[in-house]
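**Q** got a sequence here, can you model it:
(one chain, ligands or ions: 3)
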Amino acid sequence: MGSNDSGMKIVHGEAGFILEDVPHFSDYIPNLPTYPNPLRSNPAYSVVKQYFVHVDDTIPQKIVVHKNSPRGVHFRRAGARQRVYFDSDDVHACIVTCGGLCPGLNTVIREIVCGLSYMYGVHKVIGIDGGYKGFYSKNTVTLTPKVVNDIHKRGGTILGTSRGGHDKTKIVDSIKDRGINQVYIIGGDGTQKGAAVIYEEIRRRGLKVAIAGIPKTIDNDILVIDKSFGFDTAVEEAQRAINAAHVEATSTENGIGVVKLMGRYSGFIAMHATLASRDVDCCLIPESPFYLEGKGGLFEFVEKRLKENGHMVIVIAEGAGQDLLDAMDERDASGNKLLKDVGLWISQKIKGHFARQNKMAITLKYIDPTYMIRAIPSNASDNVYCTLLAQSAVHGAMAGYTGFTTGLVNGRHTYIPFNRIIEGQNKVVITDRMWARLLSSTNQPSFMNPKDVNEAKEQEEPITLLDGEECEDKQPSENKAQNHVTTKRTGSK
Ligand SMILES: Nc1ncnc2c1ncn2[C@@H]1O[C@H](COP(=O)(O)OP(=O)(O)O)[C@@H](O)[C@H]1O
Ligand SMILES: O=P(O)(O)OC[C@H]1O[C@](O)(COP(=O)(O)O)[C@@H](O)[C@@H]1O
Ligand SMILES: [Mg+2]
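**A** Ligands and ions are numbered 1, 2, ... in the order given. As a prediction, this is how the structure comes out:
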């Protein structure tokens with residue numbers, strides 16, 4: 001076993017096998033006592049054949065391989081272990097939610113509390129009020145299965161959330177002073193960065209405190225994982241806005257419906273909502289630059305579509321086209337760049353264009369459902385997903401793992417080291433099949449010239465085979481997460 005530059009635990013095996021492992025208490029605290037897992041005598045679980053995860057089980061990050069491909073990067077499989085590193089009576093857990101809202105937050109809170117209680121007999125669980133700053137500036141909330149029983153039916157988070165306020169020293173002091181030894185942190189890329197910092201400080205102080213992250217992002221912009229909870233719910237709810245835009249557009253002559261959806265840096269909601277709806281004529285996302293005027297521009301396409309169909313629907317992600325708007329140099333308390341309302345901007349531009357041209361009268365309706373979508377409870381399938389994520393986090397912390405985010409990788413639940421999650425952002429790959437499907441379903445212009453396409457393709461890395469040869473096919477690089485072309489391919493498998 002070794003560690004790389006970023007201090008990650010890396011295990012190398014045969015045929016190019018790599019395990020990007022997560023930290024464990026035993027890495028920095030010697031001779032800790034262990035206990036048999038209480039699930040052994042749990043009537044529901046004890047009948048399951050092989051309920052406990054084998055200590056060597058790992059999940060591959062890439063499942064499409066060639067016969068000579070190296071086995072590649074793997075993550076530790078999530079789930080209950082034979083032995084645990086906590087006596088249930090000694091556990092004092094806390095839960096915190098940070099960043100923007102997302103459908104499913106309450107379900108995750110519920111299932112952490114119920115998982116700890118029903119599976120492990122843990123009864124001391126508290127909620128941190130209002131995000132990271134709540135650790136040192138607010139009172140805590142007692143969480144029991146009774147308190148959380150119905151919360152999954154509500155949107156938002158019963159604990160409240162916030163941006164900014166991440167003070168490492170004050171947070172870790174508060175964890176220590178309160179005697180907390182398991183910390184469940186639910187939040188997006190910013191939150192997971194904050195969790196990594198807390199984990200490092202806990203380890204530096206030699207504390208037996210498990211730090212477990214549960215990835216939350218309505219934008220689906222977290223690396224490595226298949227998709228984030230609440231994303232499906234958001235795509236489903238977006239259909240209502242798109243339907244309304246379509247009804248408005250088809251009810252007048254030359255009607256245009258514009259719908260803005262969330263997606264600060266990643267256009268997954270817009271892309272999936274468009275593909276699901278089939279009523280959308282044009283989908284604009286941050287990853288795919290566009291322009292308005294001239295040949296191949298948006299105005300030309302709008303005119304064409306109106307002439308052909310008499311109406312059109314445009315879906316635009318909030319982070320799309322920001323380079324065309326006058327830059328706003330403000331940031332939120334977490335340091336995220338504040339965005340201008342691109343939906344309003346594009347609506348005014350289209351109206352202005354047709355007013356100037358004076359050749360076609362249009363009626364444009366702009367719908368911004370973003371916060372309505374974010375505030376709803378999660379749907380049934382997200383509820384199940386949230387349950388499994390929460391239970392994985394609980395199993396991991398009880399088993400002594402720490403410094404991990406729990407996530408679905410190729411349909412299996414895993415523990416992923418923080419460093420892997422926070423090294424970039426998941427983005428739509430515009431040279432990938434899914435975006436091509438979208439372009440073909442809307443028949444919109446790609447707004448790309450051949451030079452852009454070639455540049456995007458050049459950023460892709462070749463697949464290296466075991467003998468060091470390069471395969472003809474290419475795939476997006478793991479390390480180009482900040483570029484337009486990045487590693488993750490939601491839905492394009
Ligand atoms: N690089 C960082 N280091 C430490 N804390 C961070 C970092 N980035 C964000 N945070 C903290 O994480 C929390 C949530 O971050 P934010 O970006 O608002 O939302 P999200 O986690 O959904 O991306 C905030 O309290 C913020 O201060
Ligand atoms: O108004 P707020 O709360 O700052 O939230 C706006 C942002 O939050 C999001 O919904 C989610 O962002 P995070 O997951 O990073 O919090 C973005 O889509 C959006 O830009
Ligand atoms: Mg974020």
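**Q** by proximity to ligand 3, which residue of this structure wins?
**A** Gly188 (3.7 Å; Cβ to the ion). Where you see a C-beta, it was placed from the backbone N, CA and C, and this is true even at glycine.
**Q** Asp173 contacts Tyr136, correct?
**A** Yes - assessed by Cβ atoms under 8 Å, Asp173 is found in contact with Tyr136 at 7.4 Å.
**Q** for the stretch 151-300 of the chain, which segments are assigned as helices?
**A** Counting by DSSP state H, counting those that start in this stretch, the stretch 151-300 of the chain has helices at residues 168-178, 189-204, 231-250, 268-277, 298-309.
**Q** in a markdown table, list those along with mean neighbour count, mean pLDDT and distance to ligand 2.
**A** Output for the helices of the stretch 151-300 of the chain, formatted as a markdown table (neighbours: other Cβ atoms under 10 Å; pLDDT from 0 to 100; distance: least, Cβ to the nearest ligand atom, whole Å):
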| stretch | mean neighbour count | mean pLDDT | distance to ligand 2 |
| --- | --- | --- | --- |
| helix 168-178 | 16 | 98 | 19 |
| helix 189-204 | 22 | 97 | 6 |
| helix 231-250 | 21 | 98 | 9 |
| helix 268-277 | 25 | 98 | 8 |
| helix 298-309 | 17 | 96 | 22 |
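**Q** right, and these - which one's nearest Lys351?
**A** Judged by Cβ to Cβ, the one of these that comes nearest to Lys351 is helix 298-309, at 11.0 Å.
**Q** which secondary structure elements does that closest one sit against?
**A** Using 3 or more Cβ pairs under 8 Å, 6 or more residues apart in numbering; DSSP states H and E, the elements in contact with helix 298-309 are strand 282-284, strand 311-317, helix 342-357.
**Q** I'd like those as a markdown table, with mean neighbour count, mean pLDDT and distance to Tyr291 appended.
**A** What follows is those, written out as a markdown table (neighbours: other Cβ atoms under 10 Å; pLDDT from 0 to 100; distance: least, Cβ to Cβ, whole Å):
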| stretch | mean neighbour count | mean pLDDT | distance to Tyr291 |
| --- | --- | --- | --- |
| strand 282-284 | 25 | 98 | 11 |
| strand 311-317 | 28 | 98 | 14 |
| helix 342-357 | 16 | 95 | 11 |
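**Q** which element is Ala327 on?
**A** Following DSSP states H and E, one finds Ala327 outside all helices and strands.
**Q** pLDDT at it, what is it?
**A** Ala327 carries a pLDDT value of 72.
**Q** okay, it and ligand 2: tell me how far apart.
**A** 16 Å (Cβ to the nearest ligand atom, to the nearest Å).
**Q** before we move on, what about Cys98?
**A** With distances taken as Cβ to the nearest ligand atom, Cys98 is found 8 Å from ligand 2.
**Q** likewise Leu101?
**A** 7 Å.
**Q** that residue against Pro377, yeah?
**A** No - counting by Cβ under 8 Å, Leu101 stays clear of Pro377, with 11.1 Å between them.
**Q** mutual contacts of these two, please.
**A** Each of Gly155 lies in contact with both Leu101 and Pro377 under the rule Cβ atoms under 8 Å, 6 or more residues apart in numbering.
**Q** before we move on, the earlier item: distance to Tyr35 added to the helices of the stretch 151-300 of the chain, as a markdown table?
**A** Converted to a markdown table, these look like this (distance: least, Cβ to Cβ, whole Å):
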| stretch | distance to Tyr35 |
| --- | --- |
| helix 168-178 | 22 |
| helix 189-204 | 21 |
| helix 231-250 | 37 |
| helix 268-277 | 42 |
| helix 298-309 | 62 |
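**Q** of those, which approaches Val53 most closely?
**A** For Val53, the closest of those is helix 189-204, at 22.0 Å, according to Cβ to Cβ.
**Q** helices or strands up against that closest one?
**A** The contact analysis (3+ Cβ pairs under 8 Å, 6+ apart) places helix 189-204 against helix 168-178, strand 182-187, strand 210-215, helix 418-421.
**Q** what's the closest of those to Met119?
**A** strand 182-187 (13.3 Å).
**Q** tell me how many other residues surround the residue of the stretch 101-250 of the chain found nearest ligand 2.
**A** Closest to ligand 2 within the stretch 101-250 of the chain is Gly188: 3.5 Å, counting by Cβ to the nearest ligand atom. For Gly188, the count of nearby residues is 24 (other Cβ atoms under 10 Å).
**Q** thought it was touching Leu101?
**A** No - counting by Cβ under 8 Å, Gly188 does not reach Leu101; the two are 10.7 Å apart.
**Q** low-confidence ranges in the stretch 351-493 of the chain?
**A** Residue ranges of the stretch 351-493 of the chain with pLDDT under 70: 449-493.
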